[in-house]
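>>> Sequence below, structure please.
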Amino acid sequence: MPSTAILQEVQRLYGVSDRLDSMSELHPLISEALLVISGSVRNTATLLEVLVATKMLPLTGVDPAN
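Numbering: from 1, shown residues only. Predicted coordinates for the structure are as follows:
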């Protein structure tokens, strides 16, 4: 299922964001830039997750008549 593959990539992106966050503590000269990039990666992952939830996954328990 394509949505599963995208959601796996979303999890990888969250991991990248977490690692960049951690690296910012180790590299004070570029910590601000790393945090900005980390936030952008996390936002992208969140947007992909929302896209899959709203466009690809079937809604369960929702009456289409409503």
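
>>> what's the neighbour count on Gly39?
For Gly39, the count of nearby residues is 13 (other Cβ atoms under 10 Å). No exception for glycine: its C-beta is placed from N, CA and C like everyone else's.

>>> Ok, Val41 next?
Val41 - counted by other Cβ under 10 Å - has 20 other residues nearby.

>>> list the contacts for the residue lying closest to it once chain neighbours are set aside?
Spatial nearest neighbour of Val41, excluding adjacent residues (Cβ to Cβ, 6 or more residues apart in numbering): Ser17 at 4.4 Å. Ser17 sits next to 38-39, 41-42, 45 when contact means Cβ atoms under 8 Å, 6 or more residues apart in numbering.

>>> next one: Gly39
The neighbourhood of Gly39, defined by Cβ under 8 Å, 6+ apart, consists of Ser17.

>>> Excluding chain neighbours, what is closest to the most centrally placed residue in the chain?
Compute the mean C-alpha point of the chain, and by Cα atoms, centre = their mean the closest residue is Ala45, 1.7 Å away. Computed as Cβ to Cβ, 6+ apart, the closest residue to Ala45 that is not its neighbour in sequence is Leu13, at 3.7 Å.

>>> List the residues that contact the residue nearest to Pro2 when sequence neighbours are not counted.
Closest residue to Pro2 apart from its sequence neighbours, by Cβ to Cβ, 6+ apart: Met56 at 6.9 Å. Met56 sits next to 2-3, 6 when contact means Cβ under 8 Å, 6+ apart.

>>> Inside helices: which ones of those?
Using DSSP state H, the subset of these located in helices is 2-3, 6.

>>> With pLDDT added, can I get these in a markdown table?
As requested, the ones in helices among the contacts of Met56 are arranged in a markdown table below (pLDDT from 0 to 100):
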| residue | pLDDT |
| --- | --- |
| Pro2 | 78 |
| Ser3 | 88 |
| Ile6 | 92 |
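
>>> for these, which one is nearest Ile30?
Minimum distance to Ile30 across those is 30.2 Å, recorded for Ile6 (Cβ to Cβ).

>>> Does the closest one touch Lys55 like I think?
No: Ile6 is beyond contact range of Lys55, at 10.3 Å (criterion: Cβ atoms under 8 Å).
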